[in-house]
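1. Whatever this is, show me its structure:
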Amino acid sequence: MKNFCLNTTLALVCLLAASAAPSWAESGRVDFTAPFAFNVGSVQLPAGDYHITAYAEGGAIFVIGKGSPNAATAIMYPLHSGNPTEKASIRFTLRGGKYTLMAVGMETGQTFELADQR
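-> Numbering: from 1, shown residues only. From the prediction side, this is the model:
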């Protein structure tokens, strides 16, 4: 009986975990090299190699340095979904002499724009 209860509980936990997984479905990952320092929200990151991960529902975007401790998170929202593309895109804006990450286009066709961080 004890073994049955344990197995049933384990099965329910696995079922709940599996049903929650799609809500955090990764929309894509973009690898890029920034030849200049740039801001993600209020965090300044140095020039270097990075990857960006975004999630399909929006809410957050993660910019993580490859082989370095540099990282930043920012609030973003999905701008639109289109057809899959061959290449991802990244858009920066120059404000006050500093580059700021503004939008990321995933190969999946989804584009994310960062919330205004002024």
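2. And the next helix or strand past the one helix or strand Leu101 maps to?
-> Remark: Leu101 resides in strand 98-105, with elements defined by DSSP states H and E. Sequence order places strand 110-114 as the next helix or strand after strand 98-105, per DSSP H and E.
3. which of the residues in the strand holding Leu101 are buried?
-> Residues of strand 98-105 classed as buried by neighbour count (16 or more other Cβ atoms under 10 Å): Tyr99, Thr100, Leu101, Met102, Ala103, Val104, Gly105. For the C-beta atoms, the positions are set from N, CA and C on the backbone; glycine is no exception.
4. Identify the bridge partners of the nearest residue to Asn39 once chain neighbours are set aside.
-> Distance criterion Cβ to Cβ, 6 or more residues apart in numbering; nearest residue to Asn39, sequence neighbours excluded, is Thr100 at 4.6 Å. According to DSSP bridges, the residues that bridge with Thr100 are Asn39, Thr93.
5. who's in contact with Thr100?
-> For Thr100, the contact set (Cβ atoms under 8 Å, 6 or more residues apart in numbering) comprises Phe38, Asn39, Val40, Phe92, Thr93, Leu94, Gln117.
6. Those residues, buried ones only, as a ChimeraX selection?
-> Here is the ChimeraX command that selects only those of the contacts of Thr100 that count as buried (16+ other Cβ under 10 Å):
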select :38,39,40
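7. how about low-confidence regions in the protein?
-> Regions of the chain meeting the criterion pLDDT under 70 cover residues 1-27, 56-58, 116-118.
8. which residue is nearest the centroid of it?
-> Geometric centre of the chain, nearest residue: Ala54, 2.2 Å, by Cα atoms, centre = their mean.
9. which residues of the protein fall in strands?
-> In the chain, strands defined by DSSP state E lie at 26-34, 38-40, 43-45, 48-55, 61-65, 71-74, 76-81, 89-95, 98-105, 110-114, listed in chain order.
10. Strand partners (parallel or antiparallel) of the last one?
-> It refers to strand 110-114. Strand 110-114 has the following sheet partners, assigned by DSSP bridges: strand 76-81 (antiparallel), strand 98-105 (antiparallel).
11. For Ala34, find the nearest of those.
-> In terms of Cβ to Cβ, the element of the strands paired with strand 110-114 nearest to Ala34 is strand 98-105, at 8.0 Å.
12. Alright, calling it a day.
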